[in-house]
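Chemist: Structure, please.
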Amino acid sequence: MGKKRKARKIREGKGVAYVNEDYSKITDKPQPGIGKYPSTHLMVDNIATAEKGKYKVWPSIGVGPLGKYHAQSFEQARDKGELFKFRNRKRAEKFAHGSWKKGKDRREAMKAYRQYKKEQ
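Modeler: All right, here's what the predicted structure looks like:
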């Protein structure tokens with residue numbers, strides 16, 4: 001199974017989570033001050049600290065045994081098999097920003113990625 005397909009499958013049918021700006025609160029219901037956009041993954045990466053050719057991306061949101069969303073560390077993602085490895089920095093960065101998505105969600109994610117790169 002490819003990386004993109006695997007990323008789409010890991011939270012399939014689990015609903016969505018809402019996250020505040022600093023990722024300190026995750027909830028399954030929209031609330032004032034909590035994430036404008038629902039998510040199930042919120043991918044993060046190690047690009048800033050990675051050695052050349054050893055880029056990793058993982059979801060910062062995990063699902064607990066009771067189906068509740070929670071913050072997920074690198075180690076938890078690795079143990080669950082939700083760690084994606086890349087040799088190419090740009091591919092890892094695009095994947096973290098949403099290149100694994102489909103349709104409108106992917107187009108929006110890549111638009112946001114281009115804006116992010118433009119601002120750097």
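Chemist: For the protein, just list every one of the helices.
Modeler: 3-9, 74-80, 89-97, 103-119 (DSSP state H).
Chemist: which of the ones you listed is buried the deepest?
Modeler: Stretch with highest mean neighbour count among these: helix 89-97 (a mean of 19; mean count of other C-beta atoms under 10 Å). The C-beta positions use only the backbone N, C-alpha and C, and glycine is treated the same way.
Chemist: how much does it deviate in direction from helix 103-119?
Modeler: 130 degrees (axes from the mean of the first three to the mean of the last three C-alpha atoms, to 10 degrees).
Chemist: what residue ranges in this structure score low on pLDDT?
Modeler: 13-18, 20-40 (pLDDT under 70).
Chemist: Closest to the centroid, which residue in it?
Modeler: With distances taken as C-alpha atoms, centre = their mean, M43 lies nearest the centre of the chain, 1.8 Å away.
Chemist: out of everything not next to it in sequence, what's closest to that residue?
Modeler: A96 (4.4 Å; C-beta to C-beta, 6 or more residues apart in numbering).
Chemist: Isn't Y116 up against G98?
Modeler: No - taking contacts as C-beta atoms under 8 Å, Y116 lies outside contact range of G98: 10.9 Å.
Chemist: Any chance you could list residues touching both of the two?
Modeler: By C-beta atoms under 8 Å, 6 or more residues apart in numbering, Y116 and G98 have no common neighbours.
Chemist: Measure how buried F86 is and give me the count.
Modeler: For F86, the neighbour count with other C-beta atoms under 10 Å is 21.
Chemist: before we move on, back to that, so which of the helices of the chain gets nearest E51?
Modeler: Closest to E51 of the helices of the chain, according to C-beta to C-beta: helix 89-97, at 10.9 Å.
Chemist: about what we covered before: look up how far Y116 lies from the residue nearest to the centre of the chain.
Modeler: In this view, M43 and Y116 are 13 Å apart by C-beta to C-beta, to the nearest Å.
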